[in-house]
Structure formats: structure tokens, C-alpha cells
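[1] Sequence and predicted structure, then a few things I'm wondering about:
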Amino acid sequence: MNLRDLQYFVALGETLHFGAAAERCHVSQPTLSAQLRKLEEYLGVTLFERRPRHVMLTAAGEELLPRARQIVIDAEQLRDAARRRRDPLEGNLRLGLIPTIAPYLLPRIATPLRKSLPKLAIKVIEQKTDALLEALHQGQIDMAVLALPVSGTGLVSRSLYAESFLVALPRRHPLAVRRRLRMRDLQGENLLLLDEGHCLRDQALELCRSVGVDEASDLRATSLETLRQMVAAGLGVTLMPRLACEGVLAGAKGLVYRPFAPPAPQRSIGAMWIRSSSRVVAIDALCELVSGAAQ
């Protein structure tokens, strides 16, 4: 048994898909499958139940997966600790972001990151808030960027930037002729929101309900890009965070954005990490970079 075998085990145990696990481990599917067979022979138990087009963990696999995951994490931390002895801004930093931030923030920080922190390798994970908090506690990520406030035992938070909301409207909507809008202008509109579990949904719903606007009960989107296309198709209006309204992803055909008159509603974006983290120097450096890039 070697560390690579355990990495294969963890990858397949978390994805339950040979193709996805092989891609994650940068090996071919036959190689991954053969090594897992050898691991099962070594351990003397079957870890996976293999069916056509379907993979399941056995009872033994369910029991051993958390232990294998912890060994892999410990090995990564051991390597990183050795690198940090040479340079605290060297090695891997596992960064988690919520889906309403990741596609719009990452392009902004890519070039500054290469210039300012060339020895720091960022590994990105995109998950909803609850999953990121769990990943922090499990040691699967070093830092999360999400919408504040968020409560969590043993976690440290730092504000990074404030992000205002804009109204996304069909281009021919009557409100599109105005330069600025107020929340009360949305009364009577068909409000489109993200599905359950997205913190942006809760924030937008709270703002709109404060002026008597509720969501369209029959339409919800799984991503901001789907939401954008729904608005462009004339199905309703929505609130979008500022970064999502800038750059190449913002230009959906038949769609316009209008800012709110001051004081514009906004959300606070911040970073969170484990209080006992050994990556504080690198986390602080990345926080400074994100704050500057998002302004």
C-alpha cells in the first residue's frame, strides 16, 4: 500500500465515478481501477461495489474512506509544512469559493496572483457556504471566500470587499429606460432567484421582501448564468452582484443592468479560515490581493 493508492481510493470514494476520479488523479481509468484492485487485495476487503455505469462504496469502504482521506490530508500538510520552512508563501493553498463569487473573482486575481505570489499554488474548490464550512473543519481547504456574516466555531473571518447589487432586466423592460432604480420600483415584478442553498438567494429575497416583492414561485435557477439567461428571455427580473455584471460573462443578449440609487443594497464578501491554521501568512497575502483586485 502506498499514498498514491489511498489518493485513488479517496478520489473514487468522493466522486463515485471512474472517469471523474481518474481525471482528478491525472491517470487513466484502467490504471486507477487496477491500483484499487491491488489495494483491496492488500487490505483484504472490497471497497467498492462495481456495477455497469454505477459505483457504490461497500460497508468497508464507507468505514475506511474517512481514515484514508485523513492520511492523504496529513501527507499534503507534511509536504506543505516542509515547504513553509523555506518560504511561507510557497506550496499549495486550497481555496474554497461560493458559486456566485468563483467565476467572477478568479479571472480578476489570476494575473496579480502570478506576479505577486508566484510560488503559491492555488487549488480551487467551488461549493455552497455550508459545504465550505464543513470543508474548513475537515481540513479539506485552507481558506474560504464567501458572503458574510457566517458563524462557525473555531473560525476566523476577515472582510475583503463590499459588493453592490444591480438589477438585471430584459432590454425592452419599461424600467430599462431609467438610469437608476429604487427597491420599491420592483413592486409587481416577476422576481427570479437562485435555488435553495445559495446565500445570494436569501440576501436578495430579504431585500425584496422588505418592499413587498416576492419571488416567482414556479421558476428557480441553479446558477447565476442560468438566471441571466432567464432574464434575457423575458421571464422576469433579478438582483445580480456587481462582479457578475462585469467582464466577458456579463454580456447576455437582450439583457441590461441598472444600479440602485444611493444607498445601494450590497453584500459583504469575506474570508474565513481555521483559527489554528498554519497558513496564516499565505492567507493574509491572498486576502490583500483579493481585496485590491475586487475594488
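    Yep, it's here.
[2] Just checking, which helix or strand of this protein averages the lowest pLDDT?
    strand 215-221 (a mean of 74; mean pLDDT, DSSP states H and E).
[3] downstream neighbour of that one in the secondary structure list?
    helix 224-232 (DSSP states H and E).
[4] just checking, what packs against the very next helix or strand once past that following helix?
    Elements were assigned by DSSP H and E; along the chain past helix 224-232, the next helix or strand is strand 238-241. Counting contacts by 3 or more CB pairs under 8 Å, 6 or more residues apart in numbering; DSSP states H and E, strand 238-241 packs against strand 155-170, strand 191-194, helix 199-209, helix 224-232. C-beta here means a position set from N, CA and C on the backbone, and glycine is covered the same way.
[5] What's the mean pLDDT across strand 238-241?
    For strand 238-241, mean pLDDT rounds to 92.
[6] Check stretch 135-142 too.
    91.
[7] can you give me how far that stretch is from the chain middle?
    Computed by CA atoms, centre = their mean, to the nearest Å, the chain-centroid distance of stretch 135-142 equals 13 Å.
[8] which residues make contact with it from outside it?
    69-70, 73, 77, 93-96, 125, 127, 132, 144, 152, 154-155, 272-274, 277, 279, 282-283 (CB atoms under 8 Å, 6 or more residues apart in numbering).
[9] Using PDB, list the CA coordinates for that stretch.
    Extracted in PDB, the C-alpha atoms of stretch 135-142 (Å, rounded to 0.1, in the frame of the first residue of the first chain):
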ATOM      1  CA  ALA A 135     -14.500  21.500   4.300                       C
ATOM      2  CA  LEU A 136     -12.700  24.000   6.600                       C
ATOM      3  CA  HIS A 137     -13.500  21.900   9.700                       C
ATOM      4  CA  GLN A 138     -12.400  18.700   7.900                       C
ATOM      5  CA  GLY A 139      -9.100  20.200   6.800                       C
ATOM      6  CA  GLN A 140     -10.000  19.900   3.100                       C
ATOM      7  CA  ILE A 141      -9.500  23.600   2.400                       C
ATOM      8  CA  ASP A 142      -7.300  26.200   4.000                       C
END
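[10] buried set for it?
    Ala135, Leu136, Gly139, Gln140, Ile141, Asp142 (16 or more other CB atoms under 10 Å).
[11] wait, what's in contact with the residue nearest the centre of the chain?
    Nearest residue to the geometric centre of the chain (CA atoms, centre = their mean): Glu126, 2.6 Å. Contact analysis of Glu126 by CB under 8 Å, 6+ apart lists Gly96, Leu97, Ile98, Pro99, Ala102.
[12] Does the longest helix along the chain pack against any helices or strands, and if so which?
    Assignment by DSSP state H gives helix 59-86 as the longest helix of the chain. Using 3+ CB pairs under 8 Å, 6+ apart, the elements in contact with helix 59-86 are helix 3-15, strand 91-97.
[13] From the contact counts, what lies against the last one?
    With contacts defined as 3+ CB pairs under 8 Å, 6+ apart, the secondary structure elements packing on strand 91-97 are helix 59-86, strand 120-126, helix 129-137, strand 143-148, helix 280-294.
[14] quick one, the last one and strand 120-126 angle?
    If I follow you right, that is helix 280-294. Angle, helix 280-294 to strand 120-126, by axes from the mean of the first three to the mean of the last three CA atoms, to 10 degrees: 70 degrees.
[15] ditto for the shortest one
    Between strand 143-148 and strand 120-126, the angle formed by their directions is 50 degrees, by the same axes, to 10 degrees.
[16] what does strand 143-148 rub up against?
    93-98, 100-101, 105, 129, 132-133, 135-136, 157, 159-160, 199-200, 203, 267-273, 277, 279, 283, 286, 290.
[17] how about that strand as PDB, C-alpha atoms only?
    C-alpha atoms of strand 143-148 as PDB (Å, rounded to 0.1, in the frame of the first residue of the first chain):
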ATOM      1  CA  MET A 143      -9.500  29.300   3.300                       C
ATOM      2  CA  ALA A 144     -13.000  30.100   2.100                       C
ATOM      3  CA  VAL A 145     -14.300  33.200   0.300                       C
ATOM      4  CA  LEU A 146     -18.000  33.700   0.900                       C
ATOM      5  CA  ALA A 147     -20.700  36.200   1.900                       C
ATOM      6  CA  LEU A 148     -20.600  37.400   5.500                       C
END
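[18] now that strand, how far from the centre of its chain.
    9 Å.
[19] cool, and stretch 235-250?
    Worked out by CA atoms, centre = their mean, stretch 235-250 lies 17 Å from the chain centre.
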